[in-house]
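K.L.:
let me see the structure of the following:
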Amino acid sequence: MTTTLSATPRTARRSQLVGALTATHFVSRAGGVARSFLVLYLTQERGLSATTAGAVLAAVGIGDIASQLLGGWLSDRIGRRRTMLIGFLGTAVALITLGAATTLPGIAAAAFGVGMLAELFRPVGSAALADLPPEDRIRAFGLLFWAANVGYTISTVAAGVLVRQGYGVLFWINAVAAIIAALIVWRCLPETRPSTAATTRRALLPVLRRDRVMLGMVAIHIVYFTVFLQVFSTLPLVMAGDGLGPSAYSMVLALNGIAIVVVQPIAVRLLDGRDTATILAFSMLLAGVGGAFSAVVHGSAAYATAIVVWTLGQIGVSVLFGATFAGIAPADLRGRYMGIASTTWSLGAVLAPLFGTALLDHAGRTVLWATSSVLGIALFIAVRVIAPSLRNRTNQLAGGI
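P.N.:
Here you go, the predicted model:
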């Protein structure tokens, strides 16, 4: 069954697209119960050492980075629908294989496959929404971000309950969720890829090398995610140093999720139509402010306040993230541009623990958070500097949507 975006009236087809993508993001995140307990499965069920399990998790992360580039390339070459179907159906196979693998090479290969296929939908979904008119993008991207976070919140709670039945059930439930997401794509998702003759297709790298706006925004977001993701890499270590156990950190993470679910829909309405560069600059600055506050606090309530500041910045960046990169992406390269944009998160997730833990170990918490604060200010300045070029590019491409 093939549905095209032009087959229905404009308003209805946009609603159909956003509704289908929202459903796939929710289902895939809500059913993503296996990854949360993967390290425990590897050490307790398969008897791997912590170091070896960490290497397997790194294989998942490497696959994640590869998936962003592959997903963007495939979505431009074979279409959004086909790429998402490959991703979701491939994820189901990879998860079942990982749950059944008993040798280290088999486990590592399956783990890489899970990382590469399970996140394939993310750049493809972004590319599909980038195909919408500019005035529809912020609300659409905001809805996807909200649905994914609601799904993630459900998965973290469900995984804790389901794991009592054994780790195997997590892989099967995760695989079933991927199949359901594939069915939603097959039945409901219209194809949005712009029609481009094969003779007019451009290679990515020659265009990207000359695109200073895109390169600047990629660099800015890699640094931002490296700063922001300290909340998942070094903050739990700092809190432990203050004598606060896992339950306190769990409360902080829960507060982050609750704040996103409650505040993000309001933020979409407030931010829609406002200057993107200004909102991004202040949102990234909040990451630094949250870091600075974390350097001087010690109690649970104070850490909760810091996480609220961090989360407000996260919401601002996340609501505008997809629409910002969609606004600077050429129509024939949208999938690949959105894939590169998605890698900024993945690279930040690799760099954050590397640099953060090194600073914490060798220089202490004050230097760590002072560095985060300086980077937050630097990001604010960098966005303000690139803002005129960003606005010009967005306005130039808006007329060609």
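
K.L.:
which SS class is Tyr224?
P.N.:
helix (DSSP: H, G, I helix; E, B strand; the rest coil).

K.L.:
can we start the residue count at 370 from this point?
P.N.:
Yep, numbering from 370; the last one is Tyr593 now.

K.L.:
residue ranges for the helices of the stretch 570-719 of the chain, please.
P.N.:
Secondary structure of the stretch 570-719 of the chain, counting by DSSP state H, counting those that start in this stretch: helices at 573-579, 581-597, 599-602, 604-610, 615-640, 645-663, 669-697, 703-732.

K.L.:
need these in a markdown table with mean pLDDT and mean neighbour count, can you?
P.N.:
(C-beta placed from N, C-alpha, C; glycine too.) Below are those laid out as a markdown table (pLDDT from 0 to 100; neighbours: other C-beta atoms under 10 Å):
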| stretch | mean pLDDT | mean neighbour count |
| --- | --- | --- |
| helix 573-579 | 87 | 12 |
| helix 581-597 | 93 | 21 |
| helix 599-602 | 76 | 21 |
| helix 604-610 | 77 | 18 |
| helix 615-640 | 77 | 16 |
| helix 645-663 | 84 | 23 |
| helix 669-697 | 84 | 22 |
| helix 703-732 | 84 | 20 |
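
K.L.:
for the ones you listed, which one sits closest to Ala739?
P.N.:
helix 645-663 (7.3 Å; C-beta to C-beta).

K.L.:
helix 615-640 and the closest one, what's the angle between them?
P.N.:
Per axes from the mean of the first three to the mean of the last three C-alpha atoms, to 10 degrees, the angle that helix 645-663 makes with helix 615-640 is 160 degrees.

K.L.:
and helix 645-663, what does it pack onto?
P.N.:
helix 581-597, helix 669-697, helix 734-767 (3 or more C-beta pairs under 8 Å, 6 or more residues apart in numbering; DSSP states H and E).

K.L.:
any chance of these in JSON lines, plus distance to Val631?
P.N.:
Formatted as JSON lines, the helices and strands packed on helix 645-663 follow (distance: least, C-beta to C-beta, whole Å):
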{"stretch": "helix 581-597", "distance to Val631": "19"}
{"stretch": "helix 669-697", "distance to Val631": "10"}
{"stretch": "helix 734-767", "distance to Val631": "24"}
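
K.L.:
tell me which of these approaches Val387 most closely.
P.N.:
helix 669-697 (12.1 Å).

K.L.:
follow-up on the earlier one: of all the helices of the stretch 570-719 of the chain, which one is nearest Arg383?
P.N.:
Of the helices of the stretch 570-719 of the chain, the one closest to Arg383 (C-beta to C-beta) turns out to be helix 669-697, at 14.3 Å.

K.L.:
can you lay out the helices of the stretch 570-719 of the chain as CSV showing distance to Leu486?
P.N.:
Listed next are the helices of the stretch 570-719 of the chain as CSV, based on distance: least, C-beta to C-beta, whole Å:
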stretch, distance to Leu486
helix 573-579, 22
helix 581-597, 22
helix 599-602, 23
helix 604-610, 29
helix 615-640, 25
helix 645-663, 30
helix 669-697, 21
helix 703-732, 14
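
K.L.:
isn't His667 up against Val607?
P.N.:
No. The criterion here is C-beta atoms under 8 Å, and His667 misses it with Val607 at 9.5 Å.

K.L.:
now the terminal residues of stretch 723-739, how far apart.
P.N.:
17 Å (C-alpha to C-alpha, to the nearest Å).

K.L.:
go ahead and measure how far that stretch is from the middle of the chain.
P.N.:
25 Å (C-alpha atoms, centre = their mean, to the nearest Å).

K.L.:
Leu473: neighbouring residues, count only.
P.N.:
When neighbours are defined as other C-beta atoms under 10 Å, Leu473 has 14 of them.

K.L.:
sorry, slip of the keys, the one I care about is Val402.
P.N.:
24.

K.L.:
which residues are in contact with it?
P.N.:
524, 527-528, 531, 539, 542-543 (C-beta atoms under 8 Å, 6 or more residues apart in numbering).

K.L.:
just the buried ones from these?
P.N.:
524, 527-528, 531, 539, 542-543 (16 or more other C-beta atoms under 10 Å).

K.L.:
that's a strand at Pro492, yeah?
P.N.:
No. Membership of Pro492 in a strand is not supported by three-state DSSP, which gives helix.

K.L.:
can you tell me how far it is from Phe406?
P.N.:
In this view, Pro492 and Phe406 are 26 Å apart by C-beta to C-beta, to the nearest Å.
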